[in-house]
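K.L.:
this one's sequence-less:
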């Protein structure tokens, strides 16, 4: 099922291009000068005959003549006569561009149309042709030594000033603009789907990691700043999603359920911090004893996220300078224990690579139901892999619309190659 945000993200280029296409069609219509078309209709006569055979031949003769007469409509001499009659300020060549003549199919009728920016002038020009064209044809069709033409042209319908313009065709331009806009929008959408390498759906996350989705967490601006309040936030969509993630986690590895879990992300984001902290709150809500470790010594986000301040923390315990109980901090309003991050003069990678981290995690695992480690991203350093190998399993987190599929896939492959147990993935910031 496509969420509203995903639907809007996928189809807004199509909608925008459609609107722009219509706007372009309307703009073209507004910029195009209006033109009017007036039409005079002629009847093409033939030599009279008393029998039916002669009448048929006469009609056939007129139909054959109509193609020639259509060409005569643009004759220069005829055009000059019309220009003189109406005192038009144009040349015969310019007049010829305004005039078209065509035969009405399967008849002996000829229509002469004039297109002009003025409706009345278009009718005047068409009617002037109506007066002069039959005379011109009669002169051409009168054999030498005869006073009667072999064919005659008569006006059967004079031109009238049209009430509405024939161009621009505003509705047609709008429809064409819409069609072009839709095609362009669909093409852009296709290109975006081909070249967009960021994860958007649960299926993409599963394909990239080769693991099942344990949960999807909706975008919640408040969760980027503080943990869930079990009472005030209990009915929010985020809280419901966290509870679903909690349920799924409880059924992971039923025979050998993981107790110590590292939360890892391919690139920098708050996804691991918020997911680990709020999942701990959800487990605390069903009386599970949870410990959190802020193992990101480079940028200790979990400690800040939970609003905890301290002088001693993870480094002090790993270096055996301080007992674990002396650094454990109870997260306010919960039963969750936190091992905060502290500063160190040593390289964070060296601190985490020592045996002290694995011993600390194992000690917490003996006294708690779950131990969650908030790890730095894999892009920054290899700290996350060290933490992952010290835990029973790893949960990968990806941010919708930000995490790239190839980065997520590489992260999963790297962790597996080093021997880490990838339990599943969580897609965050889902809209």
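P.N.:
Happy to help now that I have it. No experiment lies behind these values; they were computed from the predicted model shown.
K.L.:
In contact with residue 398, which residues are there?
P.N.:
199, 205, 208, 265-266, 271, 408, 425-428 (Cβ atoms under 8 Å, 6 or more residues apart in numbering). Every C-beta, even on glycine, is put in place using the N, C-alpha and C of the backbone.
K.L.:
Return the backbone torsion pair for it.
P.N.:
Dihedral angles of residue 398 (phi, psi; degrees, to the nearest 10) stand at phi -130, psi 140.
K.L.:
let's number from 17 now, not from 1
P.N.:
Shifting the count to begin at 17 puts that one at residue 414.
K.L.:
Check the gap between it and residue 423 for me.
P.N.:
Using Cβ to Cβ, to the nearest Å, residue 414 is found at 9 Å from residue 423.
K.L.:
same thing with residue 384?
P.N.:
32 Å.
K.L.:
how about residue 170, secondary structure?
P.N.:
Secondary structure, DSSP: H, G, I helix; E, B strand; the rest coil: residue 170 is strand.
K.L.:
Bridging across strands, which residues link to it?
P.N.:
Beta-bridge partners for residue 170, by DSSP bridges, are residue 59.
K.L.:
ok, it to residue 59 distance?
P.N.:
Counting by Cβ to Cβ - residue 170 and residue 59 are separated by 5 Å.
K.L.:
With neighbour numbers in mind, choose between these two.
P.N.:
More crowded of residue 170 and residue 59, by other Cβ atoms under 10 Å: residue 59, with 16 against 11.
K.L.:
Pull the contacting residues for the more buried one.
P.N.:
124-126, 169-172.
K.L.:
Repeat that for residue 308.
P.N.:
Applying Cβ under 8 Å, 6+ apart, the residues contacting residue 308 are 292-293, 296, 318, 322, 347, 352-355, 387-388, 390.
K.L.:
Check residue 139 too.
P.N.:
Taking Cβ under 8 Å, 6+ apart as the test, what residue 139 contacts is 54, 130, 175-178.
K.L.:
wait, is residue 277 part of a strand?
P.N.:
Yes. According to three-state DSSP, residue 277 belongs to a strand.
K.L.:
okay, now it: neighbour count?
P.N.:
Residue 277 has 23 neighbours, counted by other Cβ under 10 Å.
K.L.:
how near is it to residue 437?
P.N.:
From residue 277 to residue 437 the distance is 9 Å (Cβ to Cβ).
K.L.:
any residues in contact with both of the two?
P.N.:
Common neighbours of residue 277 and residue 437, counting by Cβ under 8 Å, 6+ apart, are 408-410.
K.L.:
Out of those residues, flag the one nearest to residue 85.
P.N.:
When the shared contacts of residue 277 and residue 437 are ranked by distance to residue 85 (Cβ to Cβ), residue 410 comes first, at 88.1 Å.
K.L.:
Mind listing the residues bridging to the closest one?
P.N.:
Assessed by DSSP bridges, residue 410 has beta-bridge partners residue 278, residue 438.
K.L.:
show me what contacts it?
P.N.:
By Cβ under 8 Å, 6+ apart, residue 410 lies in contact with 277-280, 404, 431, 436-439.
K.L.:
Kindly report the same for residue 329.
P.N.:
Taking Cβ under 8 Å, 6+ apart, we find residue 329 in contact with 310, 319, 343, 355-358.
K.L.:
same check, this time on residue 441
P.N.:
Per Cβ under 8 Å, 6+ apart, neighbours of residue 441: 221-222, 225, 227-230, 411-414, 424.
K.L.:
what's the helix or strand for residue 227?
P.N.:
Assessed by DSSP states H and E, residue 227 sits outside every helix and strand.
K.L.:
Give the phi and psi angles for the residue nearest to it when sequence neighbours are not counted, as a check.
P.N.:
Nearest residue to residue 227, sequence neighbours excluded (Cβ to Cβ, 6 or more residues apart in numbering): residue 440, at 4.9 Å. Main-chain torsions, residue 440, degrees, to the nearest 10: phi 170, psi -170.
K.L.:
next one: residue 226
P.N.:
phi 70, psi 20.
K.L.:
looking at this structure, which helix or strand is least sure?
P.N.:
Least confident helix or strand of the chain, by mean pLDDT, DSSP states H and E, is helix 68-88 with a mean of 67.
K.L.:
The residue nearest to residue 227 - how many residues pack around it?
P.N.:
Counted with other Cβ under 10 Å, residue 440 comes out at 20.
K.L.:
Same check on residue 349?
P.N.:
12.
K.L.:
now it, what's its secondary structure?
P.N.:
Secondary structure assignment for residue 349 (three-state DSSP): coil.
K.L.:
Could you double-check that residue 232 lies in contact with residue 254?
P.N.:
No. Counting by Cβ atoms under 8 Å, residue 232 stays clear of residue 254, with 10.7 Å between them.
K.L.:
picking that back up, just the buried subset of the contacts of residue 329, please.
P.N.:
310, 319, 343, 355-358 (16 or more other Cβ atoms under 10 Å).
K.L.:
All the strands of the stretch 67-216 of the chain, residue numbers only.
P.N.:
Ranges of strands in the stretch 67-216 of the chain, per DSSP state E, counting those that start in this stretch, are 115-119, 125-132, 168-173.
K.L.:
possible to save those strands as CSV with mean pLDDT and distance to residue 31?
P.N.:
As requested, the strands of the stretch 67-216 of the chain are exported to CSV (pLDDT from 0 to 100; distance: least, Cβ to Cβ, whole Å):
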stretch, mean pLDDT, distance to residue 31
strand 115-119, 93, 40
strand 125-132, 95, 37
strand 168-173, 92, 48
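K.L.:
Can you say which of those strands is nearest to residue 337?
P.N.:
Nearest to residue 337 among those is strand 125-132 (95.7 Å), distances taken as Cβ to Cβ.
K.L.:
got the contact list for that closest one?
P.N.:
Against strand 125-132 from outside (Cβ under 8 Å, 6+ apart): 51-60, 82, 85-86, 89, 114-120, 138-139, 141-142, 145-146, 149, 169, 172, 175, 182-183.
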